[in-house]
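[1] compute the structure for the input listed below.
(2 chains)
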Amino acid sequence: MTQDAMAGAMSAIPAGNLGVVADLSGDKQVFQVPWGKAMMWIFLLSDTFIFSCFLISYMTVRISTTVPWPNPSEVFALSFGGDPIPLILIAIMTFVLITSSGTMALAVNFGYRKNKKVTVLLMLATALLGATFVGMQAFEWTKLIVDEGVRPWGNPMGAPQFGASFFMITGFHGMHVTAGVIYLSIIAYRVGSGFYDRNKGGNYETVEIAGLYWHFVDLVWVFIFAFFYLW
Amino acid sequence: MAQSEGHQQHPLGIYFWIWGLLFILSGFSYAVDYFQLEGMLRWSLILLFMFLKAGFIVAVFMHMAWERLALIYAILVPPLCLTVFIALMAIEGDYTFLARLTAFGPAAEIIAPHQ
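    Numbering: from 1, shown residues only, chains lettered A, B, ... in the order given. Here you go, the predicted model:
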């Protein structure tokens, strides 16, 4: 089928729930997106279950412990010369990650506009903000391990499960951010060097796929921020 | 693919709007902790801001709002199973908590005195 005939056949497909039936029973490719995008979505779905397992086990140990849970508001407070400000580092990290999500969304948009230079710059800005986030997380871990004596098996503030939950959840998330920084740098390099112009006919959908991963990392942080730091 | 190229050309304005909204909502979330709100008010506000932020990120930044319903269902329906998992583990956690109180708490000596 030629591109035009395919586009014509697609426009005849109904929207809404009838569209779902048509897509699933149409004896053709079900998801009308590039395969890389569909696969990234499936991967993110599986990642959702992994992070959910961490957060649910955190919920379970926090419900079942008879020892008081350490107050995150105090544990993660930071003092800039004066009184400690509650949770301030985590708030800054949240804003850094949201900013990086914004620059990534713009990078995807400029990718589809075929504006190579701006796309690369925005992707590099995103990666830089991501690296900043990981750096701040390293600072947070160091402070908790060295100054506050938090260990996966115990801590001076309360329930010993606090450390295990904290290191597993934020560690796994930080690993995702680190992987994302590397991933974005590679895609940005390829956009800049004209890889997609040479091999994909100038199609920058890979930027959107990388964007999906990055936004997901931000999405997971929304849940971690709510459940681990604020609850 | 013709369709995927056609429908991703949005004006930049919507991204700046959502970006700003995410900042404001994050500020609200932080305010919940800063002003030390307690109890049901705290928990419901945390959940409200969390779901709003998650919704905006998935719908606009991840372009879910412009996808066909077949893909939306395939990605968003399976995580609903997690609500069952959450409910099961909440019940289990409560049970473990009560069992620990009975076995190791102050009442344990009365129920089963140590030899």
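
[2] leaving out sequence neighbours, find the closest residue to A:Leu184.
    Spatially, and ignoring its direct neighbours in sequence, A:Leu184 is nearest to A:Ala127 (4.4 Å; C-beta to C-beta, 6 or more residues apart in numbering or on different chains). Bear in mind the C-beta positions are built from the backbone N, C-alpha and C, glycine included.

[3] can you name the residue of chain B nearest chain A?
    Residue nearest to chain A within chain B: B:Gly93 (3.2 Å; C-beta to the nearest C-beta).

[4] what are the buried residues along the helix or strand in which the residue nearest to A:Leu184 is found?
    Secondary structure assigned from DSSP states H and E places A:Ala127 in helix A:116-142. Buried positions in helix A:116-142, judged by neighbour count with 16 or more other C-beta atoms under 10 Å in any protein chain shown: A:116, A:119-127, A:129-134, A:136-137, A:140-141.

[5] please determine how far the closest residue to A:Arg151 other than its chain neighbours is located from chain B.
    Of all residues beyond its chain neighbours, the one nearest A:Arg151 is A:Gly163 (5.2 Å), with distances taken as C-beta to C-beta, 6+ apart. Using C-beta to the nearest C-beta, to the nearest Å, one obtains 18 Å as the distance from A:Gly163 to chain B.

[6] so which residue of chain A comes closest to chain B?
    For chain A and chain B, the shortest gap (C-beta to the nearest C-beta) falls at A:Ile63, measuring 3.2 Å.

[7] count of residues packed around the spatially closest residue to that residue that is not a sequence neighbour?
    For A:Ile63, the nearest residue in space outside its immediate sequence neighbours is B:Gly93; the separation is 3.2 Å by C-beta to C-beta, 6+ apart. Here the number of neighbours of B:Gly93 (other C-beta atoms under 10 Å in any protein chain shown) works out to 19.

[8] equivalent analysis for the one 3 residues further on, please.
    A count of nearby residues for B:Thr96, using other C-beta under 10 Å, gives 17.

[9] hang on, it in a helix?
    Yes - applying DSSP: H, G, I helix; E, B strand; the rest coil, one finds B:Thr96 inside a helix.

[10] tell me the secondary structure at A:Pro156.
    Three-state call for A:Pro156 (three-state DSSP): coil.

[11] residues contacting it?
    Taking C-beta atoms under 8 Å, 6 or more residues apart in numbering or on different chains, we find A:Pro156 in contact with A:Glu148, A:Gly149.

[12] what helix or strand is the residue of chain B closest to chain A located in?
    Counting by DSSP H and E, the secondary-structure element that holds B:Gly93 is helix B:81-104.

[13] what does that helix rub up against?
    Around helix B:81-104, the neighbours that count as contacts under C-beta under 8 Å, 6+ apart are A:49, A:52, A:56-57, A:59-66, B:107-108, B:111.

[14] keeping just the C-alphas, turn that helix into CSV.
    What follows is the C-alpha trace of helix B:81-104 in CSV, where atoms were taken according to Å, rounded to 0.1, in the frame of the first residue of the first chain:
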residue,chain,number,x,y,z
CYS,B,81,-4.6,-4.0,38.2
LEU,B,82,-2.2,-2.3,40.7
THR,B,83,-5.2,-1.0,42.7
VAL,B,84,-6.0,-4.6,43.6
PHE,B,85,-2.4,-5.2,44.6
ILE,B,86,-2.3,-2.0,46.7
ALA,B,87,-5.5,-3.0,48.5
LEU,B,88,-4.2,-6.5,49.2
MET,B,89,-0.9,-5.2,50.6
ALA,B,90,-2.6,-2.6,52.7
ILE,B,91,-4.8,-5.3,54.3
GLU,B,92,-1.7,-7.5,54.7
GLY,B,93,0.3,-4.6,56.2
ASP,B,94,-2.5,-3.9,58.7
TYR,B,95,-2.6,-7.6,59.6
THR,B,96,1.2,-7.7,60.2
PHE,B,97,1.0,-4.6,62.3
LEU,B,98,-1.7,-6.1,64.5
ALA,B,99,0.2,-9.4,64.7
ARG,B,100,3.4,-7.6,65.8
LEU,B,101,1.5,-5.7,68.5
THR,B,102,0.0,-9.0,69.8
ALA,B,103,3.3,-11.0,69.6
PHE,B,104,5.8,-8.3,70.6
